[in-house]
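>>> how would this look folded up:
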Amino acid sequence: MRIYPKLVFLIFTILFLILAPISIDTYNTLNTRTFLDIILLNQKAGLAWSLDWPYPPLTIFLVFPAWFFYKLTDSEFVYQLVFKLPLFLSAAYIGNLIYSRKSSGRQLVLYLFNPGIILLALIWGGFDIINSLFLVLVLLFYKNEKYSWAFLYLSASIALRMYTLVLLPFFIWGWLARKDLRSILKYLAISFSIPITSIVFGYFVGGNFLFESIASQQSVFGPFGAFPLAQSFLVIWNYIGFPILTITNISLFLLFGLFLSQLILFYFFQKYNLSAIDASILSLLIFFLFYPKVHSPYILVLLPFGFLYAKWKLLKHVWLPGTIWALIVNGTFNNQGIFYWFSWLTNFRFTLPHLINVSLTVLFSLLQQAMIVFAIFTFLRNKKLYDILPRVRLGGFASKRE
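You can find the predicted model right below:
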């Protein structure tokens with residue numbers, strides 16, 4: 001059956017116009033508007049919970065239009081529509097890139113109408129969709145040797161989600177190896193231009209209050225439906241009365257594991273000529289495997305690469321565990337699943353016992369971690385990277401190529 005791209009985009013647009021205004025993340029919406037009231041209007045409006053603002057300063061640029069139109073109209077529907085508009089446009093543009101590279105209407109449909117994309121871009125409202133677009137553009141421009149554009153989008157990605165800073169060494173390595181100091185300084189300057197600008201802007205607008213809020217929230221290690229798996233096991237283990245390591249301690253172990261694994265990956269990258277694109281995707285997978293504060297939607301930044309690169313086709317399925325978790329649980333306290341975003345439409349509520357919530361989080365975390373590990377080893381197997389991995393002999397370690 002022939003699929004018409006224009007019709008696909010039209011249906012996606014209609015779905016956006018229907019779902020975006022009526023789906024409300026009450027907690028984050030109130031947090032966001034209250035925070036902007038404080039820093040822009042100096043209004044000390046109170047909340048029933050402590051203010052939660054863990055986002056980098058660039059987020060203010062993205063939130064401001066929705067906040068501004070809400071102040072003009074006092075309409076929740078207008079706020080939600082404007083807030084989710086850049087997310088919708090980012091998803092649509094990624095879909096267009098997938099179609100233009102693959103000439104496949106089926107792939108376009110599978111991406112745009114992926115439940116994870118629908119949930120994050122049209123219902124929940126997650127900036128990871130925008131970050132996903134930045135990363136896609138980074139890799140496409142880098143592959144086409146348009147390096148200034150590639151580093152500019154990497155700069156935007158770092159400013160929006162600082163963890164993508166781990167990709168910089170893979171992209172800059174070629175000039176480091178050639179000792180091309182001029183190019184190194186140029187691309188480093190581009191890479192840090194938007195983060196530095198947004199930090200200066202953030203300090204000008206929000207002062208110490210903004211950065212104190214960011215620091216206090218980033219120092220709190222989740223689980224709240226987060227990965228990696230070790231934290232979820234820790235929570236359930238402590239809950240049933242067998243306290244072991246604290247969340248902070250295990251987070252430090254995970255950060256050490258992340259640092260060590262990134263070093264190993266960089267060693268293989270520069271010694272055995274892995275492409276910067278493959279190394280970047282591997283680096284992000286490793287990040288999601290180890291970093292101690294990762295929420296379920298974050299992994300969706302990798303979803304487009306499953307459609308763009310055949311060798312990474314397993315990434316088409318990374319949405320499954322986190323999205324299903326959000327639709328069923330969506331938190332370990334007062335969970336409502338999918339009904340949470342439509343609570344103003346229905347009085348239906350359900351609350352699972354806390355132990356069951358955490359158990360489901362462990363289950364879906366385990367599935368997520370298993371998918372990440374499987375994707376990594378499938379890539380290594382297809383690249384025959386086992387030929388360069390060390391093996392044990394009686395005399396010590398030796399290469400298979402010896």
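>>> Give me the distance from stretch 268-277 to the chain's centre.
Distance of stretch 268-277 from its chain centroid, counting by C-alpha atoms, centre = their mean, to the nearest Å, is 24 Å.
>>> and it, how far apart are its ends?
One end of stretch 268-277 to the other measures 14 Å (C-alpha to C-alpha, to the nearest Å).
>>> what's the average pLDDT for it?
The average pLDDT for stretch 268-277 rounds to 84.
>>> Repeat that for stretch 56-69.
Averaged across stretch 56-69, pLDDT comes to 94.
>>> list the buried ones in that stretch?
By neighbour count with 16 or more other C-beta atoms under 10 Å, stretch 56-69 contains the buried residues 56-60, 63, 66-67, 69. No exception for glycine: its C-beta is placed from N, CA and C like everyone else's.
>>> Just those residues: which are in helices?
58-60, 63, 66-67, 69 (DSSP state H).
>>> measure Val362 to Tyr163 for me?
Look at Val362 and Tyr163: by C-beta to C-beta, to the nearest Å, they are 23 Å apart.
>>> related to what we said a few turns ago, any idea which of the buried residues of stretch 56-69 is closest to Leu97?
Leu58 (22.2 Å; C-beta to C-beta).
>>> is it true that the closest one touches Ile196?
No - with contacts counted by C-beta atoms under 8 Å, Leu58 stays clear of Ile196, the gap being 11.2 Å.
>>> which ones are touching the nearest residue to Leu19 once chain neighbours are set aside?
Closest residue to Leu19 in three dimensions, ignoring its sequence neighbours and counting by C-beta to C-beta, 6 or more residues apart in numbering: Leu122, at 4.5 Å. By C-beta atoms under 8 Å, 6 or more residues apart in numbering, the residues touching Leu122 are 15-16, 19-20, 23, 84, 87-88.
>>> change it to 7 Å
By C-beta atoms under 7 Å, 6 or more residues apart in numbering, Leu122 lies in contact with 15-16, 19-20, 84, 88.
>>> In helices only, show me those residues.
Using DSSP H, the subset of these located in helices is 15-16, 19-20, 84, 88.
>>> Check those and tell me the two furthest apart.
Leu15 and Lys84, at 11.5 Å, using C-beta to C-beta across the ones in helices among the contacts of Leu122.
>>> Neighbour count: those two, which is higher?
More neighbours surround Lys84 than the other of Leu15 and Lys84, with 25 against 16 (other C-beta atoms under 10 Å).
>>> out of everything not next to it in sequence, what's closest to Trp149?
Closest residue to Trp149 apart from its sequence neighbours, by C-beta to C-beta, 6+ apart: Phe141 at 4.2 Å.
>>> So that neighbour belongs to a helix, correct?
Yes - under DSSP: H, G, I helix; E, B strand; the rest coil, Phe141 falls within a helix.
>>> quick one: it and Phe151 touch, right?
No - contact criterion C-beta atoms under 7 Å: Phe141 and Phe151 do not qualify, at 8.6 Å.
>>> These two: who's more crowded?
Using other C-beta under 10 Å as the criterion, Phe141 and Phe151 rank with Phe151 on top: 24 against 18.
>>> what's the spacing between the more buried one and Lys316?
Counting by C-beta to C-beta, the gap from Phe151 to Lys316 is 28 Å.
>>> send the alpha carbons of stretch 179-186 over as PDB?
Presented in PDB, the C-alpha positions along stretch 179-186 are these (Å, rounded to 0.1, in the frame of the first residue of the first chain):
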ATOM      1  CA  LYS A 179      47.700  18.600  16.000                       C
ATOM      2  CA  ASP A 180      45.700  21.100  14.100                       C
ATOM      3  CA  LEU A 181      45.500  23.700  16.900                       C
ATOM      4  CA  ARG A 182      43.600  26.300  14.800                       C
ATOM      5  CA  SER A 183      40.800  23.900  14.000                       C
ATOM      6  CA  ILE A 184      40.700  22.500  17.600                       C
ATOM      7  CA  LEU A 185      40.300  26.000  19.000                       C
ATOM      8  CA  LYS A 186      37.700  26.900  16.400                       C
END
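>>> and that stretch, what's its mean pLDDT?
92.
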